[in-house]
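Q: Got a sequence here, can you build the structure:
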Amino acid sequence: MQFESLNIIEPILRSLKEEGYKIPTPIQEQAIPIVLRGTDLIGCAQTGTGKTAAFAVPILQLLGKTRSFDRKRKIRSLIVTPTRELAIQIEESFKTYGRYTGLTCTVVFGGVHQNPQTTSLRNGVDILVATPGRLLDLMNQGFISLKDIEIFVLDEADRMLDMGFIHDVRKIIAALPPKRQSLFFSATMPPEIVKLAGSIVYKPVKVEVTPSATTVDIVKQFVYFTDKVNKNALLLELLKDKKIKTALVFTRTKYGADKVVKVLKKKNISAEAIHGNKAQNTRQRALSSFKAQTTRVLVATDIAARGIDVDDLEYVINYEIPNISETYVHRIGRTGRAGAGGTAISFCDADEKAYLRDIEKLITKRIQVINDHPYPLIDENPVKPPQRQHQDHNRPRNVARESRNRNNRWRRR
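A: Residues are numbered from 1 along each chain as shown. Below is the predicted model of the structure:
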């Protein structure tokens, strides 16, 4: 099927052709006609399956039919997404697909000064992409009104839940007009997400491209069992392979990401970290360098990496196994995007075996084990450090009193 068969208008088709898009992905093929009919939709699709275009293309077409030529435009479509990287990516997609429609789009997110964002809002926009916190902040300041929203999109709903945005999302929903079209997208559909969807959409059509919580089948998945102390050495060993032109490495913590970067740089491997403690311009610069392949390794935490969209990224490395099974799905979804191939490698120490079992249970498949490597797992049952004893707060005073008593006795002698 070609994009032409989806009844997409010529200005958008022209943009898609210029970007090299010829055949829609399964989520695009199913979702675009439903959205164009004005029907609410629940889309369950893995990260990297092209769902941004699945809602951006029909939104541009629907808004274009009743385009306002008033300089002071009202916000008619709102897309809420959990991270600033993903928000920026979505805005870029709207501007790319809608370059010939005359519609305007802007993005608002936290971590940067709000003045450039409020200036864009004052000039008037048709489509707003936002993260929850900054959106509510600007609404409270009076810069944003949602009363004219015609189409609302909640993207990456499961990640919203993981990041604790559920209360913010409910506040945003309460400010929307009752009469609207709502689109709900999530890579996984646990019961909490199903409940949230029920409060947003009305008589929706559900599109499920792949079974819930499964990984992209074309991504090759491997696991290396190794001791925690040898993970740096194993990473350096893998990176000796010149076929790994770029790799996205995941750690659980910001501190861990910085430590890995330090190790890599000592061995003259170009690497940068991306996490919540980094300034937005630093994060964008790191991402741009990674996309341009001037940085070979990008080390990221899960929150910061959500929204990273790098063409032809072939390798994702889980330096640490995620303790939330669904996070594994999101991580490896950075590769194998839109039908391309990819490889996901995980380092698993003894303490992480339980996490690995949970992941395999979730994705309903065994991950292939690579035993032929120089740093195999030796310590199958590492001794956990003893629990810190509760301090007796009376003891220091008693010791001091005993010391004073001894001194007094010595003086009396």
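Q: Would you mind giving both backbone torsions of Ile34?
A: When read as degrees, to the nearest 10, the backbone of Ile34 gives phi -70, psi -50.
Q: so what's it up against?
A: By Cβ atoms under 8 Å, 6 or more residues apart in numbering, the contact set of Ile34 is 41, 205, 207. Quick note: C-beta positions are derived from backbone N, CA and C, even for glycine.
Q: Let's see that with 10 Å instead.
A: 40-41, 43, 54, 58, 183, 204-207 (Cβ atoms under 10 Å, 6 or more residues apart in numbering).
Q: likewise Asp137?
A: 108, 110, 114, 131, 143-144.
Q: Within the helices and strands, which one has it?
A: helix 132-140 (DSSP states H and E).
Q: What average pLDDT does that helix get?
A: Computed over helix 132-140, the mean pLDDT rounds to 96.
Q: Equivalent analysis for stretch 286-299, please.
A: 91.
Q: go on, stretch 323-342?
A: For stretch 323-342, mean pLDDT rounds to 76.
Q: what's the answer for stretch 367-374, then?
A: So the average pLDDT for stretch 367-374 ends up being 95.
Q: Please enumerate the strands of the stretch 151-300 of the chain.
A: For the stretch 151-300 of the chain, applying DSSP state E, counting those that start in this stretch gives strands covering 151-154, 181-186, 205-208, 219-225, 247-250, 271-274, 297-300.
Q: Columns mean neighbour count and distance to Lys361 on top of the ones you listed, output as TSV?
A: Formatted as TSV, the strands of the stretch 151-300 of the chain follow (neighbours: other Cβ atoms under 10 Å; distance: least, Cβ to Cβ, whole Å):
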stretch	mean neighbour count	distance to Lys361
strand 151-154	23	28
strand 181-186	24	20
strand 205-208	16	20
strand 219-225	20	14
strand 247-250	26	20
strand 271-274	25	30
strand 297-300	27	25
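Q: wait, which of these is closest to Pro11?
A: strand 151-154 (18.2 Å; Cβ to Cβ).
Q: Would you mind measuring the gap between the ends of stretch 348-358?
A: 13 Å (Cα to Cα, to the nearest Å).
Q: Tell me, what's the model's pLDDT at Pro385?
A: 48.
Q: where along the stretch 201-350 of the chain do the helices fall?
A: Per DSSP state H, counting those that start in this stretch, the stretch 201-350 of the chain carries helices over the ranges 231-238, 254-266, 280-291, 302-305, 325-332.
Q: of all these, which lies closest to Ile12?
A: helix 280-291 (24.7 Å).
Q: Give me the helices and strands touching that closest one, please.
A: helix 84-97, strand 271-274, strand 297-300, helix 302-305 (3 or more Cβ pairs under 10 Å, 6 or more residues apart in numbering; DSSP states H and E).
Q: Flag every buried residue along the first one.
A: When you say that, I think you mean helix 84-97. By neighbour count with 16 or more other Cβ atoms under 10 Å, helix 84-97 contains the buried residues 84-91, 93-95, 97.
Q: Run me through the strand neighbours of the very next helix or strand once past that helix, direction for each.
A: Of the helices and strands lying after helix 84-97 in sequence (DSSP H and E), the nearest is strand 105-108. Strand 105-108 has the following sheet partners, assigned by DSSP bridges: strand 127-130 (parallel).
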